[in-house]
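S.K.: Pasted the sequence and its predicted model underneath.
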Amino acid sequence: MSSYPYVRPRRMRRDEFSRRLMRETVLTSNDLIYPVFVHELEGREAIPSMPGVERLSIDELLRVAEQASELRIPALALFPVTAPEAKSLDAAAAWDEDGLCQRAVRALKRRFPELGVITDVALDPYTSHGQDGLLDDYGYVINDLTVEALVKQALSHAAAGVDIVAPSDMMDGRIGEIRGALEVEGYLHTRILAYSAKYASAFYGPFRDAVGSASALGKADKKTYQMDPANTDEALHEVSLDLAEGADMVMVKPGMPYLDIVRRVKEEFGVPTFAYQVSGEYAMLKAAILNGWLDERACVLEALTSIKRAGADGVLTYFALDAARWLREQD
Ligand SMILES: NCc1[nH]cc(CCC(=O)O)c1CC(=O)O
Ligand SMILES: [Mg+2]
């Protein structure tokens, strides 16, 4: 009795109404975070390896923020592009209270107080060598000195009024140090989104073009701090440390090639878990789309739904504006 021909799973798939009734995962604009690149120049500038994504002046950023709030996207994640002459060995521009990132945060929070603003806490846009931390004489990234710099950077973002700081550097102990400093300075409500399981991935290539750290980094890699793509237990260890140190949310990065990690993290900890569909994933999809090989709307919504199905509460995606528009048309 319990098998064919009595049991026919295709019955439920026959009509749109019963497919809708049994659908488990529904993507909405609430699941989207839009990463944006901000530059010191006027207007917008295309990023060749990320067709459709542009670097924005603060004025243009405000226009995009208006679209994002109108589409009910909960938050933007800011990525500043630092002029080469502002980069240095000690990355001091990272905690300049009048820095581009800090000015962008103030402008956004003034105009769109209800739109969430997330800033990246990491030194790579500001170091002359493109690494996420300060180097010793042998080129090794020094953990504890870097953490001191990250604390100054995070405090300057909090002072500018950011809602969420997102340390993406993978130094040990930085969540606890940043949390402690935020408490001491009275920023009790500043949330921390920890890039806890961030892999040393080749899928970040187009992002490094976008922020101009690719040329600074040259042939070097980030394997002494970002995780080995072959590991999963290490991701759980990293997440447990960041939670114990005071993270409110955790991130797995990249997204689609790492859905097993998203699933394990969500199951093990049951905390707000985010995934980053990174620049290389965007470039890969976009290249096939522009060649006419993939259907954009269907593939992008499928990819984002899959990330949510794996356990993510939200996805950072360069497709956020388009996806939110398509989702609105579907209702
Ligand atoms: N700390 C820097 C940072 N923050 C986000 C990304 C990548 C995002 C993307 O590829 O879209 C990177 C690049 C890196 O670690 O080299
Ligand atoms: Mg860690």
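M.R.: Sure thing, it's come through. Ligands and ions are numbered 1, 2, ... in the order given.
S.K.: Please look at V117 and A75 and confirm they touch.
M.R.: Yes: judged on C-beta atoms under 8 Å, V117 makes contact with A75 at a distance of 6.7 Å. To be clear about C-beta, it is placed using only N, CA and C from the backbone, and glycine gets the same treatment.
S.K.: any idea where the helices of the protein begin and end?
M.R.: Per DSSP state H, the chain carries helices over the ranges 10-13, 16-21, 58-70, 100-111, 143-160, 174-184, 205-211, 214-217, 233-244, 259-269, 279-290, 296-309, 320-330.
S.K.: In JSON lines, list the ones you listed along with distance to I47 and mean neighbour count.
M.R.: As requested, the helices of the chain are exported to JSON lines (distance: least, C-beta to C-beta, whole Å; neighbours: other C-beta atoms under 10 Å):
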{"stretch": "helix 10-13", "distance to I47": "41", "mean neighbour count": "9"}
{"stretch": "helix 16-21", "distance to I47": "38", "mean neighbour count": "9"}
{"stretch": "helix 58-70", "distance to I47": "14", "mean neighbour count": "16"}
{"stretch": "helix 100-111", "distance to I47": "17", "mean neighbour count": "20"}
{"stretch": "helix 143-160", "distance to I47": "24", "mean neighbour count": "21"}
{"stretch": "helix 174-184", "distance to I47": "28", "mean neighbour count": "19"}
{"stretch": "helix 205-211", "distance to I47": "5", "mean neighbour count": "21"}
{"stretch": "helix 214-217", "distance to I47": "11", "mean neighbour count": "15"}
{"stretch": "helix 233-244", "distance to I47": "29", "mean neighbour count": "17"}
{"stretch": "helix 259-269", "distance to I47": "26", "mean neighbour count": "19"}
{"stretch": "helix 279-290", "distance to I47": "9", "mean neighbour count": "18"}
{"stretch": "helix 296-309", "distance to I47": "18", "mean neighbour count": "18"}
{"stretch": "helix 320-330", "distance to I47": "15", "mean neighbour count": "17"}
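S.K.: ranking those helices by mean pLDDT, which is last?
M.R.: Of all the helices of the chain, the minimum mean pLDDT falls on helix 214-217 (a mean of 85).
S.K.: before we move on, the earlier item: among the helices of the chain, which is nearest Y34?
M.R.: Smallest distance to Y34 across the helices of the chain (C-beta to C-beta): 3.7 Å, for helix 320-330.
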